[in-house]
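curious how this folds, go ahead:
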Amino acid sequence: MPKNMKKRPLLSILLQIPVYTMVVGLISTICDIFYELYFLFKYPKFKYLFVIEGSDIDTDVEACYIPTPYYKILKSLKTLKSLLKGFEDSIFIEIGSGSGRAMFAASSKGFRHIIGIELSKTLCDLSEQNLKIHLHKETNYKILHCNEKDISFPDLIDNADKEKIRSLVFYLGGTIISIQNLTKLKELNNKFDIYIVNVGPLQDRATYDVIEENGFSVVFEKFKENKDKPNIIQKFINYSGAFSTSYHLPQGYRIYKNK
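Numbers count the residues shown, from 1 in each chain. I've put the predicted structure just below:
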């Protein structure tokens, strides 16, 4: 515990948190847990990793690998479907596809063209195993083991015209699109409706500004930011003196569309 941090009774900390914030946080946590258990019981052969260090999954990334909660995947796909009116003529591209769970969910909701981009060879192999077993039989998919920065998005979808594709969906589960690829997406503006689904949490607010500066606007937002007060978990972590956390981690998801 830092020398300049004084311990305070846990009860006094809890009493400072607005009841609404506590209730919303509790409901969100319960939903996440329920849907994780639901997924585990419904798809027991689907293998995926929970929180794990980046160094343990053969990447140079220092941040931990944390899979996107299944509840948020389903909610964001439901919202996306209401915007697109269907997924059959769209390509789903996930940056940081992990074990393939969001790709699988996208397929089950109607996407027939899916691409995963993953830096970790371990996770690429794991997702390949999962999708071979669980993916819809009519789904065309591929998993690319590489850094997103090394890919040209226009080249990635060079056969889209043949498939009569109308929309591109870039799914970010706590990852980002590089500025160079955001710029290249402008080349596709006249050909496709392009959506970027940004699922939190992300700590870098500048990420959102970059997306908007490159010709995208928010068409749906279900994001909550704690700019002033930490949530109950962050309060407890700081109280215990284990480590310091940011008080304004965005939680939820945003959907952007090209103008």
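
which SSE is Tyr195 in?
strand 193-199 (DSSP states H and E).

output the helix or strand following that strand as CSV, nothing but the C-alphas.
Downstream of strand 193-199, the next assigned helix or strand under DSSP H and E is helix 206-213. Coordinates of each C-alpha in helix 206-213 appear next as CSV, following Å, rounded to 0.1, in the frame of the first residue of the first chain:
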residue,chain,number,x,y,z
ALA,A,206,-8.1,9.3,-28.1
THR,A,207,-9.0,6.1,-29.9
TYR,A,208,-12.6,7.3,-30.3
ASP,A,209,-11.5,10.7,-31.6
VAL,A,210,-9.3,9.1,-34.3
ILE,A,211,-12.2,7.0,-35.5
GLU,A,212,-14.4,10.0,-35.9
GLU,A,213,-11.7,12.1,-37.5
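
helices or strands up against helix 206-213?
helix 179-184, strand 193-199, strand 251-258 (3 or more C-beta pairs under 8 Å, 6 or more residues apart in numbering; DSSP states H and E). In short, each C-beta sits where N, CA and C put it, glycine included.

of all those, which one is nearest Lys75?
Judged by C-beta to C-beta, the one of these that comes nearest to Lys75 is strand 251-258, at 7.3 Å.

between the closest one and helix 206-213, how many degrees?
Orientation check (axes from the mean of the first three to the mean of the last three C-alpha atoms, to 10 degrees): strand 251-258 against helix 206-213 gives 20 degrees.

show residues contacting strand 251-258.
With C-beta atoms under 8 Å, 6 or more residues apart in numbering as the test, strand 251-258 has contacts from 28, 72, 75-76, 79-80, 83, 185, 189, 193-201, 208, 211-212, 215-225.

would you mark the buried spots in it?
Of the residues in strand 251-258, 251-258 count as buried by neighbour count, 16 or more other C-beta atoms under 10 Å.

quick one on the thing from earlier: now render the helices and strands packed on helix 206-213 as TSV, adding distance to Gly100 and mean pLDDT.
TSV is the format used below for those (distance: least, C-beta to C-beta, whole Å; pLDDT from 0 to 100):
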stretch	distance to Gly100	mean pLDDT
helix 179-184	21	86
strand 193-199	16	93
strand 251-258	19	88
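
ok, back up a step: strand partners (parallel or antiparallel) of the strand holding Tyr195?
Its sheet considered, strand 193-199 pairs with strand 167-173 (parallel), strand 251-258 (antiparallel) by DSSP bridges.

circling back to that earlier point, and of the helices and strands packed on helix 206-213, who's closest to Ile133?
strand 193-199 (24.4 Å).

in PDB, could you pull the C-alpha coordinates for that closest one?
This file holds the C-alpha atoms of strand 193-199, laid out as PDB (Å, rounded to 0.1, in the frame of the first residue of the first chain):
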ATOM      1  CA  ASP A 193     -21.500   0.600 -45.700                       C
ATOM      2  CA  ILE A 194     -18.800   0.300 -43.100                       C
ATOM      3  CA  TYR A 195     -19.500  -0.200 -39.400                       C
ATOM      4  CA  ILE A 196     -17.100  -0.300 -36.500                       C
ATOM      5  CA  VAL A 197     -18.300  -2.000 -33.300                       C
ATOM      6  CA  ASN A 198     -16.200  -0.900 -30.400                       C
ATOM      7  CA  VAL A 199     -16.800  -3.000 -27.300                       C
END
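
closest one to Phe111 among the helices and strands packed on helix 206-213?
strand 193-199 (12.1 Å).

about what we covered before: tell me which of the strands paired with strand 193-199 lies nearest to Thr122.
Closest among the strands paired with strand 193-199, once you apply C-beta to C-beta, is strand 167-173, at 17.0 Å.

who touches that closest one?
67-68, 73, 76, 80, 84, 89-96, 98, 102, 106, 111, 157, 160, 177, 188, 192-199.

in helices, which of those residues fall?
73, 76, 80, 84, 102, 106 (DSSP state H).
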